[in-house]
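Student: This is a predicted model, with the sequence first.
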Amino acid sequence: MREVAIIGIGQTKVGEHWEKSLRQLAAEAILAAIKDAKIERVDLLYVGNMLSGEVADQEHLGAAVADFAGLRTVEAYKIEAACASGAAALRQGYIAVAGGLADFVVVCGVEKVTDAPNPDVLAALALATDGEYERAHGLSLIALNAIIMRRYMHEYGYKQADFAAFSVNAHRNAVNNPYAMFRRPITEEAFAKARMVVEPINLLDSAPVADGAAALVLCPLVMAKDFTSKPVRIAASAAATDALALHDRKDLLFLEAACLSAKKAYELAGIGPQDVDFFELTDASTVMAALSLEAAGFAERGEGVRLAMEGEITLEGRIPISTMGGLKARGHPIGATGIYQAVEAVIQLRHEAGENQVRDAHWGLIQNIGGTGGTAITHILEGPD
Amino acid sequence: MELPKNWRLRKQRYSMVGEICEKCGARIFPPRDVCPECSKPAATPYTFSGKGTVYSYATVFQAPKGFEEYVPYTVAMVKLEEGPMVAAQLTDVDHDEVKIGMPVEMVTRKLYEEGEEGLIVYGYKFRPRIHKSN
């Protein structure tokens, strides 16, 4: 196995890109990453995406994206794992470079959802759930998150308003991220007044689905110094699955796959939660953020929300999360989200995050969760300093 | 379009037929011919009583396509008496009257329609238990 480094990053703003198609967005991010890495050759392209066929009317994404990104003839495929598609693409790219089958790999995450009306997008997103036993009964991803949140509140004695700290933190951090969808702070009062989407989840609990693309360039660590003075090492890449359907889980309030993949990642990197400087997690809803903190070893069970209420998730806290806005405020371009998390982690580890810089950031943990926890992929990145 | 898929699920949708594991005794729903507890083959049919309690629930105000006309509706995770959980809609109850722990029973109701000329798909929903002794 070869050590793998990230030597280039690129991203588009997350939002409603009415003037751009899926492959144009992907190409923009890929070209930016290639330019950042200053490479002249690409051996392999992976495109993380969930809904191109369902919503953007395009499959065969490997060839479609490669062509429009100036990479015609390069081997290219789409990788799909619902909301974890981005990290799944990164992990496949990592495997290719680590295994010695390719030197220069581009991994891109892209999603284009605004070509379809919102109820269609919600229905398409629900393809991440169990089609026969969840979706057919009118359960959406948000509804399943809401069921988890209600039980979490019941079990541990929290109020809906207690979850506000996650969204307030995410929005505060997005203010300084030029690529974020919502660059404005929100207050706890606004959170309390937000309309219910699927009670108890309100509009400010759940992440907005949007268009966006992000890309990374990977290469063997030993070659990285030829291209950048700040290579970021992929210290660990690990993935696990759990039952697809929420009702089939052993414990609805515990993200088993997230825990397993995090544990494996810590082992591979030779570090523990106490060494992690920041954590880009999957805050598709506030309760998912809480469960992620618990699964990755930053809080005891039932204490994830408490950690947020006590301010420990802010940039100055014990474990900063969503440092560039997270899914909640940067926006959630479904299959691209995992790559945005990696791009933002690289920015932190290069110490280029400006106002949002986590002090002395050296170890970054990123975790991309698909559906309600059926897939969880964890990467640990190590900065050059 | 979805005729074979719905037909295939008729025993589960109309009478909650799952499976029982001959090895460890686990009752399994939905059926999958392999025991989620001990990973051994398990294909013996088992009919559930359809009775359980509400483990958690949520009320949908923003619905996916195909369910907009039913808004608001309440979805729940029901803990069946025999052990497994099942996700389903609640019916015959106002959403603000639902409570965690509430006893419920399975009934057959319309799940959704595939447009004016399409299929009407039926399946299980759960309502508050009518007879306490049941």
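Tutor: Arrived safely. Numbers count the residues shown, from 1 in each chain, chains lettered A, B, ... in the order given.

Student: Report the contact partners of the residue nearest the centre of chain B.
Tutor: Centroid-nearest residue in chain B, with CA atoms, centre = their mean: B:A88, separated by 4.4 Å. Counting by CB atoms under 8 Å, 6 or more residues apart in numbering or on different chains, B:A88 makes contact with A:137, B:75-76, B:78, B:106, B:124-126. Where C-beta positions appear, they are placed from N, C-alpha and C, glycine not excepted.

Student: which secondary structure elements does the helix or strand hosting A:V222 contact?
Tutor: Secondary-structure element containing A:V222, defined by DSSP states H and E: helix A:221-224. Using 3 or more CB pairs under 8 Å, 6 or more residues apart in numbering or on different chains; DSSP states H and E, the elements in contact with helix A:221-224 are strand A:4-11.

Student: circling back to that earlier point, would you mind pulling the contact partners of the helix holding A:V222?
Tutor: In contact with helix A:221-224 (CB under 8 Å, 6+ apart) are residues A:2-5, A:7, A:103, A:231, A:233.

Student: Now do the contacts for A:W18.
Tutor: Applying CB under 8 Å, 6+ apart to A:W18 gives the contacts A:T114.

Student: and the contacts of B:A88 as TSV, adding neighbour count and secondary structure?
Tutor: Putting the contacts of B:A88 into TSV (neighbours: other CB atoms under 10 Å in any protein chain shown; DSSP: H, G, I helix; E, B strand; the rest coil) gives the following:
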residue	neighbour count	secondary structure
A:H137	24	helix
B:V75	26	strand
B:A76	30	strand
B:V78	27	strand
B:M106	22	strand
B:Y124	23	strand
B:K125	24	strand
B:F126	29	strand
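
Student: Quick one: mean pLDDT for the helix holding A:V222?
Tutor: The predicted model assigns helix A:221-224 a mean pLDDT of 98.

Student: and whichever helix or strand comes after it, how far from the chain's centre?
Tutor: Sequence-wise, the next helix or strand beyond helix A:221-224 is strand A:232-241, with elements assigned using DSSP H and E. Averaging C-alpha coordinates over strand A:232-241 and over its chain gives two centres that are 13 Å apart (CA atoms, centre = their mean, to the nearest Å).

Student: sorry, back to before: off-centre distance for the helix holding A:V222?
Tutor: 25 Å.

Student: same check, this time on stretch A:183-201
Tutor: That offset, for stretch A:183-201, works out to 22 Å (CA atoms, centre = their mean).

Student: swap in stretch A:61-75?
Tutor: In terms of CA atoms, centre = their mean, the centre of stretch A:61-75 is found 24 Å from the chain centre.

Student: Kindly report the same for stretch A:372-385.
Tutor: With CA atoms, centre = their mean as the basis, stretch A:372-385 stands 9 Å off its chain's centre.

Student: that older thread, roughly how far does the residue nearest to the centre of chain B sit from B:Y57?
Tutor: With distances defined as CB to CB, to the nearest Å, the gap from B:A88 to B:Y57 amounts to 10 Å.

Student: where do the contact lists of these two overlap?
Tutor: Residues touching both B:A88 and B:Y57 comprise B:75-76, with contact defined as CB under 8 Å, 6+ apart.

Student: Can you list the low-confidence ranges for chain B?
Tutor: B:1, B:132-134 (pLDDT under 70).

Student: what residues go with each domain of chain A?
Tutor: Listed by automatic domain parsing, the domain ranges of chain A are A:4-115+A:210-224, A:118-198+A:233-382.

Student: can I get those domains in TSV with distance to B:Y46?
Tutor: Listed next are the domains of chain A as TSV, based on distance: least, CB to CB, whole Å:
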stretch	distance to B:Y46
domain A:4-115+A:210-224	31
domain A:118-198+A:233-382	16
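
Student: now for those domains, which one comes closest to B:G83?
Tutor: The closest approach between B:G83 and any of the domains of chain A, judged by CB to CB, belongs to domain A:118-198+A:233-382 at 11.4 Å.

Student: In the stretch 201-350 of chain A, what residue comes closest to chain B?
Tutor: Proximity to chain B, evaluated over the stretch 201-350 of chain A using CB to the nearest CB, is greatest for A:H247 at 3.9 Å.

Student: ok, so what distance separates A:V121 from A:M149?
Tutor: For A:V121, the distance to A:M149 equals 21 Å [CB to CB].

Student: what do you get for A:T314?
Tutor: On the measure of CB to CB, A:T314 and A:M149 end up 22 Å apart.

Student: again with A:V42
Tutor: Counting by CB to CB, the gap from A:V42 to A:M149 is 42 Å.

Student: between these two, who's got more neighbours?
Tutor: When A:V42 is set against A:M149 and neighbours are counted by other CB atoms under 10 Å in any protein chain shown, the residue ahead is A:M149, at 29 against 23.

Student: Assumed that one was part of a strand.
Tutor: No. If the criterion is DSSP: H, G, I helix; E, B strand; the rest coil, then A:M149 is helix and not within a strand.

Student: ok, it - contacts?
Tutor: A:163, A:200-201, A:205, A:285-287, B:58.

Student: And the residue nearest to the spatial centre of chain A, how far from A:F163?
Tutor: Residue closest to the mean C-alpha point of chain A, counted by CA atoms, centre = their mean, is A:G338 at 3.2 Å. In this structure, A:G338 and A:F163 are separated by 23 Å, where distance is defined by CB to CB.

Student: buried stuff in the lowest-mean-pLDDT helix or strand in chain A?
Tutor: Lowest by mean pLDDT, DSSP states H and E among the helices and strands of chain A is helix A:118-125, with a mean of 91. Using 16 or more other CB atoms under 10 Å in any protein chain shown as the burial criterion, the residues of helix A:118-125 that qualify are A:119-125.

Student: can I get these in TSV with distance to A:A87?
Tutor: Written out in TSV, the entries for the buried residues of helix A:118-125 read as follows (distance: CB to CB, whole Å):
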residue	distance to A:A87
A:P119	28
A:D120	25
A:V121	21
A:L122	23
A:A123	24
A:A124	20
A:L125	17
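
Student: Quick check: chain neighbours aside, which residue is closest to residue 63?
Tutor: Chain wasn't specified; assuming chain A. Closest residue to A:A63 apart from its sequence neighbours, by CB to CB, 6 or more residues apart in numbering or on different chains: A:A76 at 6.2 Å.

Student: wrong one, chain B
Tutor: In space, not counting the residues next to it along the chain, B:A63 is nearest to B:V71; the distance is 5.0 Å by CB to CB, 6+ apart.
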